[in-house]
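In: Sequence first, then the predicted structure:
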Amino acid sequence: MSAALSMIVPSLRLLLLPLRAPLLLVLVGVAVYIGTSWRLTEPEARGLLGLLGWVWSLDALHTLVVVVVCCMPVRLLRAITGLMATSQVVTLVLTLLIATLTALYLLRLEVLSRVLILGSAVLLARVDLARVRVVPSPLALSFGFGLLVLVSGGAGRWLVSRG
């Protein structure tokens with residue numbers, strides 16, 4: 001009896017998490033909206049091949065990169081800071097290169113607004129989870145948010161394809 005109860009309580013807490021941290025629902029809504037504008041590069045297929053088509057699309061990979069960058073900023077910044085600590089010239093050149101290439105890439109693909117909106121929603125959801133004292137490891141958080149965003153974006157893509 002206690003073993004079954006010990007499995008039910010964490011599951012119930014997980015199911016009630018959107019009520020305790022409502023910005024998770026905002027993240028789902030934003031991901032569904034962004035999923036409605038995902039483009040597939042190849043003709044849509046049915047079944048498992050269709051599912052893999054949108055998971056590996058460029059738009060889905062962009063959203064995963066945004067989620068990982070927003071969920072693991074300390075680890076990423078520590079790696080970049082170690083590289084930049086060699087000299088100020090390397091710091092300046094690397095910063096300018098990253099900022100310029102990223103901005104040009106995002107502007108060329110016309111996804112800058114979607115990236116900013118999704119990044120803001122992910123960061124707000126992280127703050128809301130911290131408010132209710134649910135702080136998983138960065139790797140678990142990026143995996144969970146990535147899965148949530150991909151499933152929600154897939155739901156948005158599915159809604160568009162039906163209508």
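Out: Sure thing, it's come through.

In: Of all the helix elements in this protein, which one is longest?
Out: If you go by DSSP state H, the chain has its longest helix at helix 138-162.

In: Show me what that one packs onto, helices and strands only.
Out: Helix 138-162 sits against helix 23-35, helix 48-55, helix 58-71, helix 112-131, with contacts defined as 3 or more CB pairs under 8 Å, 6 or more residues apart in numbering; DSSP states H and E. C-beta: built from backbone N, CA, C; applies to glycine.

In: residue contacts, residue 63?
Out: 31, 34, 118, 149-150, 153 (CB atoms under 8 Å, 6 or more residues apart in numbering).

In: Touching, residue 123 and residue 73? I think so.
Out: No. The pair residue 123 / residue 73 is not scored as a contact, 9.2 Å apart, by CB atoms under 8 Å.

In: who touches the residue positioned nearest the centre of the chain in this structure?
Out: Nearest residue to the geometric centre of the chain (CA atoms, centre = their mean): residue 67, 2.7 Å. Neighbouring residues of residue 67 by CB under 8 Å, 6+ apart: 118, 122, 142, 145-146, 149.

In: Identify all contacting residues around stretch 109-117.
Out: By CB under 8 Å, 6+ apart, stretch 109-117 touches 30, 34, 37, 58-59, 62, 66, 103, 106.

In: Give me the PyMOL select line for those, limited to the buried ones.
Out: Those of those that count as buried under 16 or more other CB atoms under 10 Å are selected in PyMOL with:
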select buried, resi 30+34+59+62+66+106
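
In: Taking the contacts of stretch 109-117, tell me the two that lie furthest apart.
Out: 30 and 103 (21.7 Å; CB to CB).

In: returning to that earlier point: enumerate the positions of the longest helix of the chain that are buried.
Out: Buried, per 16+ other CB under 10 Å, within helix 138-162: 138, 141-142, 145-146, 148-150, 152-154, 156-158.

In: Let's have the residues you listed in a markdown table, adding distance to residue 17 and pLDDT.
Out: Putting the buried residues of helix 138-162 into a markdown table (distance: CB to CB, whole Å; pLDDT from 0 to 100) gives the following:
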| residue | distance to residue 17 | pLDDT |
| --- | --- | --- |
| 138 | 18 | 87 |
| 141 | 13 | 91 |
| 142 | 17 | 91 |
| 145 | 12 | 95 |
| 146 | 17 | 93 |
| 148 | 11 | 94 |
| 149 | 16 | 93 |
| 150 | 18 | 91 |
| 152 | 15 | 92 |
| 153 | 20 | 89 |
| 154 | 21 | 86 |
| 156 | 21 | 88 |
| 157 | 25 | 84 |
| 158 | 24 | 84 |
